[in-house]
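> Structure of the sequence below:
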Amino acid sequence: MLKLCIWMNIPSHYQSAFFQALDAREEIDLRVVYFQAASSHRAAEGWKEGHEYQSFEASVAGALSPEEMLGEISDWQERIHIISGYFCSDLIDWFCIHRTVWCPWSEMPGIRLAELLGYRMPLFRLLNPLMLMGKRSEGRRIKQHALGAFGQGDLAHRAFQRMGVPNSKISNLYYVPNGLPEAEPCTQMVEFANGRKIFLAVGALCRRKGIDVLLKAFSQLKDKTWCLVLCGLDRADGENQELAQKLGLLDQVFFLGPYPVDRISEVYVAADVFVLPSRFDGWGAVLNEAASLGLPLIGTDLCGGSWHVIDEGRTGFRVRASSVTSLVIAMKIYVEKPDLILEHGDTARSRFHETFTPERNADRLVNALEAWRRK
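From the prediction side, this is the model:
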């Protein structure tokens, strides 16, 4: 029996299907523990209010020490603990001291640095390798005490290597929400498009998500047969609406606002091409969602999922984060070659079901743990 305990920041519908896939396996005894309760600001973005805990889930919200956190798990010393040091380094120290088996699982580090730099990405690209070199002590802790390290894709994998973790101790473990069900297209989008094709972005409207870059790129297409839909909570105090007006795009850009997560399929199926223009995204689970419904994808090179869900030239295109020019080039391909929309979308859907299901991710985790334990 493989006894696991996965430590997460907050409950998320993006991870629930993966945990259910693990729990369904007869050889796994699973516990999932959250450091915090469901986030109220996520509810404002369309997530469900609260969280219905499964039998294998628990929360340690309010716990101040490792002893208090581990009080939820009577057999904690027998389990393999999978945890991100971003959330509780003290608990990892406890595992090291008590010789408990653990593995880090994380996105590419750098979000705090990017924020500090105001998302000036050329400067971020220059300084982030130095920041990772400064994490060598964390890398030594992983190298000396962890069973292995799970990275959410190649960007995280490379980060672990820069921190000094041997490649033999690193394995990919992705974000893998369930594929979305088919649905009737969002009526508001259909009415706004009025026969035009739709570029779609889903996510909070803020600088990190690169909405300003997308608006500037879309304005350069100068094609009235396309429109742009932005689905997400406005976290920029109307700056993007002002930019759209300044660019003369109000008749081509629809600010849909946040949309209920249990109906988000309606938004994707109404669109033609999905764009994730983020300046920084550890993964970008919206890429998975869009692929599952057969949309071609455009994502930036500082989104973890862009290096996996996007198969360059077959399911979409990867562009340079914060580069208007790079994004224009990719978007223009679909404007000028609309036949690629269906071709890339079909390939994206097939690739999703072949590679990015919760069940396949459960296989990745189990296979990696077994390989590390054999060493």
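> which stretches of the stretch 251-375 of the chain form helices?
Per DSSP state H, counting those that start in this stretch, the stretch 251-375 of the chain carries helices over the ranges 265-269, 285-292, 324-336, 339-355, 358-374.
> mind checking which of these is nearest Arg141?
Proximity to Arg141 (CB to CB) singles out helix 358-374 among the helices of the stretch 251-375 of the chain, at 16.2 Å. All C-beta atoms are positioned from the backbone trio N, CA, C, and that covers glycine.
> So what touches the closest one?
Identification of contacts with helix 358-374 by CB atoms under 8 Å, 6 or more residues apart in numbering yields 2, 17-18, 20-22, 25, 27-28, 80, 82, 103, 147-148, 150, 169, 171-174, 176-178, 354.
> average model confidence for it?
Mean pLDDT, computed over helix 358-374, is 95.
> Same check on stretch 189-201?
98.
> Could you pull out the buried residues of it?
Buried positions in stretch 189-201, judged by neighbour count with 16 or more other CB atoms under 10 Å: 189, 192-193, 197-201.
> Return the closest of these with respect to Cys96.
Using CB to CB, Ala201 comes nearest to Cys96 of the buried residues of stretch 189-201, at 41.7 Å.
> OK, contacts around that closest one?
209, 211, 214, 228-232, 274-277.
> before we move on, what about Gln15?
Counted by CB under 8 Å, 6+ apart, Gln15 has contacts 8, 175, 177.
> pLDDT value on the last one, please?
On the pLDDT scale, Pro177 is placed at 93.
> Surely it is within a helix?
No - checked against DSSP: H, G, I helix; E, B strand; the rest coil, Pro177 lies outside a helix; its state is coil.
> Skipping adjacent residues, who's closest to it in space?
Tyr14 (4.6 Å; CB to CB, 6 or more residues apart in numbering).
> That neighbour contacts Val286, doesn't it?
No - the pair Tyr14 / Val286 is not scored as a contact, 9.3 Å apart, by CB atoms under 8 Å.
> ok, these two, which is more surrounded?
Counted by other CB atoms under 10 Å, Tyr14 and Val286 do not tie: Val286 has more neighbours, with 28 against 18.
> show me what contacts the residue nearest to the more buried one when sequence neighbours are not counted?
Using CB to CB, 6+ apart and skipping residues adjacent in sequence, the residue nearest Val286 is Val202, 4.8 Å away. Applying CB under 8 Å, 6+ apart to Val202 gives the contacts 231-232, 259, 264, 267-268, 274, 286, 289-290.
> Trp105 belongs to a helix?
No - according to three-state DSSP, the state of Trp105 is strand, so it is not within a helix.
> backbone phi and psi for the closest residue in space to Asn9 that isn't next to it in sequence, please?
Nearest residue to Asn9, sequence neighbours excluded (CB to CB, 6+ apart): Phe87, at 5.1 Å. Per-residue torsions, Phe87: phi -100, psi -30 (degrees, to the nearest 10).
> hang on, isn't Phe87 packed against Ile6?
No - assessed by CB under 8 Å, Phe87 is found out of contact with Ile6, at 11.7 Å.
> circling back: okay, the helices of the stretch 251-375 of the chain, which one's buried deepest?
helix 285-292 (a mean of 27; mean count of other CB atoms under 10 Å).
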